[in-house]
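In: Below are the sequence and a predicted model for it; my questions follow.
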Amino acid sequence: MAETDEFEKCVPIILAPCSQTEKSTINGSSNVLEIKDQSTKKDSTSGSSCLSNGSKNTGSSPSAPQRSLKCLRSPEDISKRGILKNVIVLSISFVTMFAAYASLSALQSSLHLQQGMGVINQAVLYAVMAVSCLLLPKVVIRAIGHKWSMTVSLVGYVLWMGANGYGVWATMLPASVVAGMSAGVLWTTQGSYFSILAKHYALKTKQEPAAVTSLFFGIFVAFFAFSAIFGNLMSSMILRPSSTANITHDEDSGLADVCGLNDCPGANSSRTHLAKPPPPDLVWTLVGVDIAMGTASVVISCIFVDSLPSSWTPEFDSSGKDLRKDTLSSLRATVRHMFRLEQVLLIPISVYMGMQYAFVDAEYTKSFISCFLAIWMVGFCLLPSAVCRGLGSLISGRMAKYTGIVPVFVYGLIVDMSFQLTLLLWSPSESQLAVFIILPCLSTLADAVWQPQIKALYGVMFADDTASAFAVCTFFNACGCIVVFALSSLLCTRFKLYILTSVFTLGVTLLFVILFVFRRSRRAKSAEVQS
């Protein structure tokens, strides 16, 4: 759809400058902009212009309540500089929100130990997220647009943070449900928003859409890495006890028998003081800071992020659509997309992306850092890995531009295998602080390849329906998290790592298959065009 179509649809809007029209005059009695075009006149008399409640244009200026909010809030176009501004501003908003979220998320398995409440609540969150990303994103986007879908979803995370201040089942379960619904909408919408921005930036700059999409997601992940840096630093500084002089590292403490890969349900109930939860007043201090940061994120998104032009999102046009039918139609489209051959081949690696995050977030922090060292050491041990994530995102983005995507995935494969093999062969002890820090760095260096490049691959391969594509991607990411959190209180860490490695092997194998098939398909289409 041409960019001028949006102006023709919004004829009565007085905010549109006269210089944007062709052959336009001002009607002196009504101050309504009239386009000297027969089709436009027909649309305006039949009520198809942007008047709310289906009211017809009778030649008089519509009152403010009658104007469509979509027309008032959606710009006609976004410049190249404006597109880059939105990429950066939205990334900053996510950094602010998820710095707060990261400071609490990584502590769930250690902070809420009673009856496994921490990991169960995380499993609930990601289960709801998996369902909501199939049902809600398209409906919510059609109702309020990409910008407001993300802004409202961010509020759900703030509510979840508040519930952590009084961590009981009655507060955490409902908050996890709300956060899961918000997450399903938020991440699907963010992926769709960035893909649309990248597509139009590529058109304006005459670049390859795949390269721009990869660059934009690389920028986002690089910014997003700072959320983990700030969150981990904040949690460690706030939860650190006033005195650590009495903490010793005894090589013969016997922790190796009940921690690390040997951490099994019920086997380490008599943990040392190193893994005791922090006092409630320190937890409330952390929660208060998190709520303030989350609120700032919502304000940034609300004020500084632009809505997408309606001409850029014709698939999300909600005019004349029934909500129930629209929901069912959206679900059918998403389910149909799930069974596309290309999508089926991407399922294992998408599941692995969620499993890898959850394994480090829940199992590594609990079974290794909290068990061997202390809960307040979680943030300090994960802090360097956050820096590695940012650097890794920049490296993978630049590599994809100059070498293509296959060498980038090979690099991610090598780094991820190093992480998993080291965990399998390592015999940890309390004095090996450097190893506790290096291992998460390897994991995040690999994740800095999978997250932006797989999402960029989704954006390029399924450009015809980005919302369904990212909904399915988010769904299987969430399924991976659910698997790890659900197994947390059932299996020893050793067996969880075996499962993680198996899914990784299958996912990477099928990933290279789909890359081969996709490149052959593109070459065949190019040959047809040239002939």
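Out: That came through fine. Predicted, not measured: the structure shown is a model, and the values here were computed from it. Numbers count the residues shown, from 1 in each chain.

In: Return the distance of the spatially most central residue of the chain relative to F224.
Out: Nearest to the geometric centre of the chain sits W187, at 3.6 Å (CA atoms, centre = their mean). Going from W187 to F224 by CB to CB, to the nearest Å gives 11 Å. From N, CA and C alone the C-beta is placed, and that goes for glycine too.

In: Common neighbours of these two, please.
Out: Contact criterion CB atoms under 8 Å, 6 or more residues apart in numbering; residues shared by W187 and F224: none found.

In: Might you report the residue contacts of P428?
Out: By CB under 8 Å, 6+ apart, the neighbours of P428 are A256, C259, G260, F368, F372, V435, F436.

In: my bad, should have said A256
Out: Neighbours of A256 in contact, by CB under 8 Å, 6+ apart: N262, S427, P428, S429.

In: picking that back up, scan the contacts of P428 and report the most crowded one.
Out: Highest neighbour count within the contacts of P428, by other CB atoms under 10 Å: C259, with 28 neighbours.

In: Hmm, it is touching F372, no?
Out: Yes. Using CB atoms under 8 Å as the test, C259 is close enough to F372 to be in contact (5.3 Å).

In: Okay, and the closest residue in space to L382 that isn't next to it in sequence sits in which element?
Out: Closest residue to L382 apart from its sequence neighbours, by CB to CB, 6 or more residues apart in numbering: N232 at 4.6 Å. For N232, the host element (DSSP states H and E) is helix 209-239.

In: what does V299 give?
Out: Going by DSSP H and E, V299 is part of helix 280-304.

In: Report the angle between that helix and helix 209-239.
Out: On the basis of axes from the mean of the first three to the mean of the last three CA atoms, to 10 degrees, helix 280-304 is oriented at 150 degrees to helix 209-239.

In: Summarise which helices and strands helix 280-304 is packed against.
Out: If you count contacts as 3 or more CB pairs under 8 Å, 6 or more residues apart in numbering; DSSP states H and E, helix 280-304 packs onto helix 80-105, helix 137-163, helix 209-239.

In: How far away from the center of its chain is the next helix or strand after that helix?
Out: Downstream of helix 280-304, the next assigned helix or strand under DSSP H and E is helix 323-338. Here helix 323-338 is found 21 Å from its chain centre; the criterion is CA atoms, centre = their mean, to the nearest Å.

In: what's the average pLDDT for helix 323-338?
Out: The pLDDT scores in helix 323-338 average 78.

In: Mind giving me the packing neighbours of the helix or strand where T509 lies?
Out: In the assignment (DSSP H and E), T509 maps to helix 493-530. Packed against helix 493-530, as judged by 3+ CB pairs under 8 Å, 6+ apart, are the following elements: helix 341-358, helix 405-425, helix 466-487.

In: Return the set of buried residues in the helix holding V299.
Out: If you call a residue buried by 16 or more other CB atoms under 10 Å, then helix 280-304 has these buried ones: 282-283, 286-287, 289-291, 293-295, 297-298, 300-301.

In: Please compute how far that helix lies from its chain's middle.
Out: In terms of CA atoms, centre = their mean, the centre of helix 280-304 is found 18 Å from the chain centre.

In: on contacts alone, who are the packing partners of the helix or strand hosting S109?
Out: According to DSSP H and E, S109 maps onto helix 108-111. Applying 3+ CB pairs under 8 Å, 6+ apart, one finds that helix 108-111 contacts helix 117-135.

In: Which strands or helices does the helix it packs on pack on?
Out: Applying 3+ CB pairs under 8 Å, 6+ apart, one finds that helix 117-135 makes contact with helix 108-111, helix 169-205, helix 323-338, helix 341-358, helix 466-487.
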